[in-house]
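**Q** 3D, please:
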Amino acid sequence: MVGKGREPQKDNDLFFTCSLIEYIARKTKNIRSEVVNKLGKERLSKIYDLADVYHCDNIDRVSDDFIEDANIALGKFDNIADCGYAIPSHWDIGKVYKRLIKMVAEDEKIEIVDALIEVYNSFISSKIDDYNSSVYYENPNYIFECYKEKEMI
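**A** So this is what the prediction gives:
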């Protein structure tokens, strides 16, 4: 099933889901795995399934709704303030995670939301979220190989 753009619609839905996770994490100053785990599989599946609807709404309102619903408290992780370089947008980071999650789902033959939870709870997430490193703009295949090896290679 192909969407109106160049990618299948579900790829766009995954991109939005990952970008929303990033947006919520920045807004609440939490590490990404904490946001994913607080949202839980049911809410993540809802976001992924209804991403085309949520995408048409204001991201601040959508994020506030999920922050409140999942009871996500304000944390102390601020990779934006710690960044000494140009800060990638939540859309930029959403794209990095989308590509990796798709590769993991295909490689491990698991559902997208299961792959999403796995990726955000892996060591690579903290590497991607260190904007003072080069990981987030590395080649997607390199990031995937590091993920599989469970270390930076």
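
**Q** Please report the distance of the residue sitting nearest the centre point of the chain from residue 149.
**A** Note on the chain: the residue nearest the mean C-alpha position is residue 18, at 3.0 Å, using C-alpha atoms, centre = their mean. Residue 18 sits 22 Å away from residue 149, going by C-beta to C-beta, to the nearest Å. The way it works is simple: take the backbone N, C-alpha and C, and place the C-beta from them, glycine included.

**Q** Over to residue 142?
**A** Distance, residue 142 to residue 149, by C-beta to C-beta: 11 Å.

**Q** Can you report phi and psi for residue 8?
**A** Here is the backbone geometry of residue 8 (degrees, to the nearest 10): phi -60, psi 150.

**Q** what about it, how many residues close to it?
**A** Using other C-beta atoms under 10 Å, residue 8 is surrounded by 12 other residues.

**Q** What strand or helix carries residue 18?
**A** Element membership for residue 18 (DSSP states H and E) is helix 9-28.

**Q** now swap in residue 115 and tell me
**A** With DSSP H and E as the test, residue 115 turns up in helix 112-120.

**Q** Same question for that helix: list its buried residues.
**A** In terms of neighbour count (16 or more other C-beta atoms under 10 Å), helix 112-120 has its buried residues at 112, 113, 114, 115, 116, 117, 118, 119, 120.

**Q** Show the model's pLDDT score for the first one.
**A** Confidence at residue 112, expressed as pLDDT, is 98.

**Q** which residues of this protein score low on pLDDT?
**A** Scanning the chain for pLDDT under 70 picks out the ranges 1-5.

**Q** neighbours around the closest residue to residue 153 other than its chain neighbours, how many?
**A** Nearest non-adjacent residue to residue 153, counting by C-beta to C-beta, 6 or more residues apart in numbering: residue 146, 5.6 Å away. Here the number of neighbours of residue 146 (other C-beta under 10 Å) works out to 20.

**Q** Where does residue 146 fall, secondary structure wise?
**A** Assigned by DSSP H and E, residue 146 belongs to helix 140-149.

**Q** roughly how far out does that helix sit from the chain middle?
**A** How far helix 140-149 lies from its chain's middle: 16 Å, per C-alpha atoms, centre = their mean, to the nearest Å.

**Q** With stretch 102-119 instead?
**A** On C-alpha atoms, centre = their mean, the centre of stretch 102-119 falls 12 Å from that of its chain.

**Q** if I pick the residue nearest to the centre of the chain, what's in contact with it?
**A** Residues counted as contacts of residue 18 (C-beta atoms under 8 Å, 6 or more residues apart in numbering) are 93, 94, 95, 97, 98, 101, 116.
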